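**Q** this one's structure only:
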């Protein structure tokens, strides 16, 4: 399947997947309070932060395995690592629940397992060119989660309803993406496999990409922790809801493009060919991002108050201040796979760590000066410098 067709297939699935929660979002915002949304968002963000590295990023090496036997062994390694990580989060979730008096933290292990399995099996399906399965997996993961959250909200389940809906959606997506079956079947993955060879061959992924990915996800976790400690759970809920909908376009376009772009970059005949592909996509993404930024700057507060209700107007003020950051993130998100394809994970890790420091510093400085909206302006200013350098480096890559 061509890059264009694969991207359009995933884009269609992602469009439906994003349309459902966007349409149900106003209802969800009225079924749950900002405080409940804040509690859920804190636990879910930690869960996804762990899930990002639940398989030590070995799942992203699946595209590099040419032989089916090697790919099956690599997938077996991924699933065994995930079981170990899930077992560890049982202790983490229990301790967090007792220490912070946060009952919903008990759901952490199941959330980690579901989210990480969906990510790993998504890469498995992408390697096999099963883009239709990937597209439906997105519909179920995001759209199905929103439907479930509405159902739980009508039952007044509180943060448990939000957590349960998100976890069920991720688990269902993992099941849909579990195709094709590996040689020997799924039960065969539980048998003895030559894991040492594939683990050693792709050791750059756990050694370099794992800290990179964890640091990238950690920025959202730290933001919610800082906001909860500084302004309380309702402010964290406002931040989480705003970012959830502001980043929806990046998830829609970025996720679809990156899963189709990554295999193409690994197969590029030369760096020049790969660089030309990256440049074309960077310009296309920028042309889409600028109108989004202008819309948020002009109408952010009115949009959020109208769509989600008056109690969420503060989320609109935050959306306005985050508009430049959202546009930059929209462009950068699908290009994050470039470092893996070009063997530049060490450089990417160093740059990402700098970016995390800049993000947290901008957030803290903005909070100190101007509260929640000030935090948004601080993040936008800091990340303008960071992403500006990142785009220049990709454009001139040698």
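**A** Okay, I see it. This structure is a prediction, so every number in the text was calculated from the model and none was measured. Residues are numbered from 1 along each chain as shown.

**Q** Does residue 373 lie in a helix or a strand, and which?
**A** helix 345-395 (DSSP states H and E).

**Q** Run the chain-centre distance for that helix.
**A** 17 Å (CA atoms, centre = their mean, to the nearest Å).

**Q** pLDDT weak spots in the stretch 201-350 of the chain?
**A** Applying pLDDT under 70 to the stretch 201-350 of the chain flags residues 250-256, 259.

**Q** sorry, back to before: tell me what the helix holding residue 373 is packed against?
**A** With contacts defined as 3 or more CB pairs under 8 Å, 6 or more residues apart in numbering; DSSP states H and E, helix 345-395 has these neighbours: helix 210-231, helix 233-246, helix 271-308, helix 313-332, helix 338-341. Yep, even glycine has a C-beta here, placed from its N, CA and C like the rest.

**Q** quick one: that helix to helix 233-246, angle?
**A** Per axes from the mean of the first three to the mean of the last three CA atoms, to 10 degrees, the angle that helix 345-395 makes with helix 233-246 is 60 degrees.

**Q** could you give the angle of helix 345-395 to helix 313-332?
**A** Taking the same axes, to 10 degrees, one finds helix 345-395 and helix 313-332 inclined to each other by 90 degrees.

**Q** Please tell me how far residue 158 sits from residue 220.
**A** Using CB to CB, to the nearest Å, residue 158 is found at 22 Å from residue 220.

**Q** which residues touch residue 322?
**A** Applying CB atoms under 8 Å, 6 or more residues apart in numbering, we find residue 322 in contact with 242-243, 246, 296, 376, 379-380.

**Q** With residue 217 instead?
**A** 48-49, 52-53.

**Q** ok, so of those, who is nearest residue 310?
**A** The nearest member of the contacts of residue 217 to residue 310, counting by CB to CB, is residue 48 at 29.7 Å.

**Q** So residue 154 is in contact with residue 31, correct?
**A** Yes. If you go by CB atoms under 8 Å, residue 154 and residue 31 touch, sitting 6.9 Å apart.

**Q** and these two? which has more neighbours close in?
**A** When neighbours are counted by other CB atoms under 10 Å, residue 154 and residue 31 differ, and residue 31 comes out ahead with 22 against 11.

**Q** mind checking how far the residue lying closest to that one once chain neighbours are set aside is from residue 300?
**A** Spatial nearest neighbour of residue 31, excluding adjacent residues (CB to CB, 6 or more residues apart in numbering): residue 153 at 3.1 Å. Shown here: residue 153 relative to residue 300, a distance of 25 Å by CB to CB.

**Q** just residue 194 next, same as before
**A** Using CB to CB, residue 194 is found at 54 Å from residue 300.

**Q** can you check residue 94 too?
**A** Residue 94 sits 40 Å away from residue 300, taking CB to CB as the criterion.

**Q** and what of residue 156?
**A** Applying CB to CB, the value for residue 156 to residue 300 is 30 Å.

**Q** Give me the more crowded residue out of those two.
**A** Set residue 156 next to residue 300 and count neighbours by other CB under 10 Å: residue 300 wins out with 23 against 9.

**Q** Would you mind confirming that the more buried one makes contact with residue 324?
**A** No. When contacts are counted by CB under 8 Å, residue 300 is not listed as touching residue 324 (11.9 Å).

**Q** Common neighbours of these two, please.
**A** Contacts common to residue 300 and residue 324, judged by CB under 8 Å, 6+ apart, are absent.

**Q** domains for this protein, by residue range?
**A** With domains defined by automatic domain parsing, the chain comprises 1-201, 203-398.

**Q** OK, contacts around residue 39?
**A** 102, 104, 159, 233, 237.

**Q** nearest to residue 187, of these?
**A** Proximity of these to residue 187 (CB to CB) peaks at residue 104, which lies at 33.9 Å.

**Q** Double-check that closest one against residue 46; I have them as touching.
**A** No. The criterion here is CB under 8 Å, and residue 104 misses it with residue 46 at 11.0 Å.

**Q** if we can go back for a sec, does the residue nearest to residue 31 lie in a helix or a strand, and which?
**A** Per DSSP H and E: helix 145-154 holds residue 153.

**Q** Compute the inter-axis angle for the helix or strand just after that helix and helix 233-246.
**A** Per DSSP H and E, the first helix or strand lying C-terminal to helix 145-154 is helix 159-176. Interaxial angle of helix 159-176 relative to helix 233-246 (the same axes, to 10 degrees): 30 degrees.

**Q** Could you list the buried residues of helix 159-176?
**A** Going by neighbour count (16 or more other CB atoms under 10 Å), the buried part of helix 159-176 is 159-174, 176.

**Q** Let me know the average pLDDT across that helix.
**A** Helix 159-176 comes out with an average pLDDT of 94.

**Q** Which residues does the helix or strand following it contact?
**A** Next helix or strand after helix 159-176 toward the C-terminus (DSSP H and E): helix 185-188. By CB under 8 Å, 6+ apart, the residues outside helix 185-188 that reach it are 72, 178, 182.

**Q** same thing but at 6 Å, please
**A** In this structure, no residues lie in contact with helix 185-188 by CB atoms under 6 Å, 6 or more residues apart in numbering.
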